[in-house]
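1. My questions are about this predicted structure, shown below with the sequence.
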Amino acid sequence: MYDAERYTRATVGESPSLLANNLTAGPSTLAYVHDTQALLVPLEPLLAGARTEKLPILTKGGNRTATQVKAVTLGASSFFVVCTVEGVHFFDEHGYERLHYHAFAENRHAGVDADGVVSGDGGGVARMCGRGVCSSCSRDGRAQVLVGTTTGDVMVFEFDGESFRKTEDDVSIEPGRRVPVADVATEVDSRRGAFPPDSALSVEEQCVAVAANDAGVIVAWDVLTSDSLKRTFAVTRPGPITSLAVRNGVACAAESGGALCF
């Protein structure tokens with residue numbers, strides 16, 4: 001609930017790009033995408049109203065157009081996941097060291113031309129990029145990061161406590177159609193890296209993932225293992241979805257028309 005005594009207004013300089021879900025909070029840092037960079041803003045001086053320096057996350061070989069940054073926690077480890085048109089970058093919680101990288105050009109993705117262009121169903125073209133990032137947990141106790149793409153697929157990166165491994169097969173919202181993913185969500189709190197403590201669900205019931213696309217299609221899976229996601233249901237809303245959340249067995253989707261559906 002809003003409390004005037006706990007409210008702080010801070011100016012961060014550059015105006016964030018007009019992207020959906022363009023703000024994320026790590027353990028001690030806020031981050032957002034601006035142009036070709038993901039900018040980090042230390043939280044402590046920000047809350048104190050002091051002038052604060054914005055620290056860019058720099059990718060090797062020069063930055064490319066960035067589409068999202070998301071802070072995710074897996075167990076005791078926190079990361080910043082930066083999606084660009086060249087690939088998906090995993091940085092440490094300070095944004096200094098790149099720990100893992102998945103390049104689109106070096107890996108096969110269905111529906112992507114040699115120059116990285118995706119021809120979307122229903123017309124239009126877009127650059128291959130990541131859209132929608134969240135932490136996940138499977139029934140066998142493994143931790144993952146899920147990343148949606150403009151091809152309509154969701155990539156699964158398993159984390160074993162030391163390194164990341166991308167699974168061989170991506171999961172598709174609509175098999176045979178290339179509609180960009182809008183967002184992905186699970187019961188795992190991406191900031192805490194664990195299931196909510198007040199959840200009334202069993203562990204098996206909490207190991208679910210939900211994704212939605214720009215055509216309004218929402219799909220849910222049981223996350224059995226990192227390599228096995230079992231599709232459970234799909235619904236179609238009238239318009240594009242912009243954001244998703246899952247809590248206590250209920251999926252909430254924000255629609256571009258301003259409505260929330262549960």
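-> Structure's in. What do you need? Residues are numbered from 1 along each chain as shown.
2. Roughly how far does residue 78 sit from residue 43?
-> 13 Å (CB to CB, to the nearest Å). Where you see a C-beta, it was placed from the backbone N, CA and C, and this is true even at glycine.
3. typo on my end, residue 228
-> 38 Å.
4. For the residue lying closest to residue 201 once chain neighbours are set aside, grab the count of nearby residues.
-> Spatial nearest neighbour of residue 201, excluding adjacent residues (CB to CB, 6 or more residues apart in numbering): residue 249 at 5.7 Å. By the criterion of other CB atoms under 10 Å, residue 249 has 12 neighbours.
5. close enough to count as contact, residue 249 and residue 204?
-> No: shown here, residue 249 and residue 204 do not form a contact pair, counting by CB atoms under 8 Å, at 11.6 Å.
6. Any regions of the protein where pLDDT drops low?
-> 1-2, 13, 15-16, 52, 58-63, 107-108, 110-111, 113-126 (pLDDT under 70).
7. Buried ones in stretch 213-228, by neighbour count?
-> Across stretch 213-228, burial judged by 16 or more other CB atoms under 10 Å covers 213-223, 225-226, 228.
8. is it possible to export the residues you listed to JSON lines including secondary structure and distance to residue 57?
-> Below are these laid out as JSON lines (DSSP: H, G, I helix; E, B strand; the rest coil; distance: CB to CB, whole Å):
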{"residue": "213", "secondary structure": "strand", "distance to residue 57": "27"}
{"residue": "214", "secondary structure": "coil", "distance to residue 57": "26"}
{"residue": "215", "secondary structure": "coil", "distance to residue 57": "31"}
{"residue": "216", "secondary structure": "coil", "distance to residue 57": "32"}
{"residue": "217", "secondary structure": "strand", "distance to residue 57": "32"}
{"residue": "218", "secondary structure": "strand", "distance to residue 57": "31"}
{"residue": "219", "secondary structure": "strand", "distance to residue 57": "30"}
{"residue": "220", "secondary structure": "strand", "distance to residue 57": "32"}
{"residue": "221", "secondary structure": "strand", "distance to residue 57": "30"}
{"residue": "222", "secondary structure": "strand", "distance to residue 57": "34"}
{"residue": "223", "secondary structure": "strand", "distance to residue 57": "28"}
{"residue": "225", "secondary structure": "strand", "distance to residue 57": "31"}
{"residue": "226", "secondary structure": "coil", "distance to residue 57": "26"}
{"residue": "228", "secondary structure": "strand", "distance to residue 57": "32"}
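9. ok, what's across the strand from the closest residue to residue 185 other than its chain neighbours?
-> Sequence neighbours aside, residue 244 is the residue nearest to residue 185 in space, at 4.0 Å (criterion: CB to CB, 6+ apart). When assigned by DSSP bridges, residue 244 has beta-bridge partners residue 253.
10. Residue 244: neighbour count?
-> Residue 244: 23 neighbours (other CB under 10 Å).
11. go on, residue 236?
-> Count around residue 236 with other CB under 10 Å applied: 12.
12. The one 10 residues further on now?
-> Neighbour count for residue 246, taken as other CB under 10 Å: 20.
13. Pick out the residue closest to the middle of the chain.
-> Centroid check for the chain by CA atoms, centre = their mean gives residue 133 as the closest residue, at 1.1 Å.
14. buried sites along the helix or strand encompassing that one?
-> Per DSSP states H and E, residue 133 falls inside strand 130-137. Judged by neighbour count (16+ other CB under 10 Å), strand 130-137 contains these buried residues: 130-137.
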